[in-house]
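Asks: test case, fold it:
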Amino acid sequence: MSDTDVQDKATVTLDGVEHIIEDLPDAAKYCLAQIEDINNQTNGVKAKRDQLMMAERGFIAQLKIEVAPKEEPNKQ
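Replies: Next up, the predicted model:
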């Protein structure tokens with residue numbers, strides 16, 4: 001196999017060793033798929049956490065407005 005053939009194939013580097021994915025055993029491919037799924041889930045959880053934190057800041061800001069002393073209308 002030439003270097004060009006290897007460069008055209010998807011690879012994964014593990015402990016500094018590059019492996020061609022299609023040449024890996026099915027169990028190793030399954031592990032890679034699980035790792036990819038875990039990474040996707042982690043990114044989704046991070047995004048959800050960011051959304052919740054932003055929402056919390058919004059509610060804190062609104063709470064400050066709600067409890068702030070209200071100006072009384074001028075009596076003339």
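
Asks: contacts and neighbour counts: CA atoms only from here.
Replies: Noted.

Asks: pLDDT weak spots in the chain?
Replies: Screening the chain residue by residue with the criterion pLDDT under 70, one finds the ranges 1-6, 75-76.

Asks: max-length helix in it?
Replies: The residue-count maximum for a helix in the chain (DSSP state H) belongs to helix 26-67.

Asks: which strands and helices sit next to that helix?
Replies: Under the contact definition 3 or more Cα pairs under 8 Å, 6 or more residues apart in numbering; DSSP states H and E, helix 26-67 sits against no other helix or strand.

Asks: okay, now Phe36: neighbour count?
Replies: To be clear, residue 36 is Glu; Phe isn't right here. The criterion is other Cα atoms under 10 Å. On that basis, Glu36 has 12 neighbouring residues.

Asks: nope, Ala33 is what I meant
Replies: Neighbour tally, Ala33, other Cα under 10 Å: 12.

Asks: swap in Thr11?
Replies: Other residues within reach of Thr11, judged by other Cα under 10 Å, total 16.

Asks: tell me how far the longest helix of the chain lies from the chain's centre.
Replies: Taking Cα atoms, centre = their mean, to the nearest Å, one finds the center of helix 26-67 at 6 Å from the center of the full chain.

Asks: likewise for stretch 22-32?
Replies: 24 Å.

Asks: got a list of contacts for that stretch?
Replies: Residues external to stretch 22-32 that are found in contact with it (Cα atoms under 8 Å, 6 or more residues apart in numbering): 9-10, 21.

Asks: give me the buried subset of these.
Replies: Listed as buried from these are Ile21; burial here means 16 or more other Cα atoms under 10 Å.

Asks: dump the contacts of stretch 22-32 into JSON lines; add secondary structure and distance to Gln51 as well.
Replies: As requested, the contacts of stretch 22-32 are arranged in JSON lines below (DSSP: H, G, I helix; E, B strand; the rest coil; distance: Cα to Cα, whole Å):
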{"residue": "Lys9", "secondary structure": "coil", "distance to Gln51": "37"}
{"residue": "Ala10", "secondary structure": "coil", "distance to Gln51": "34"}
{"residue": "Ile21", "secondary structure": "helix", "distance to Gln51": "35"}
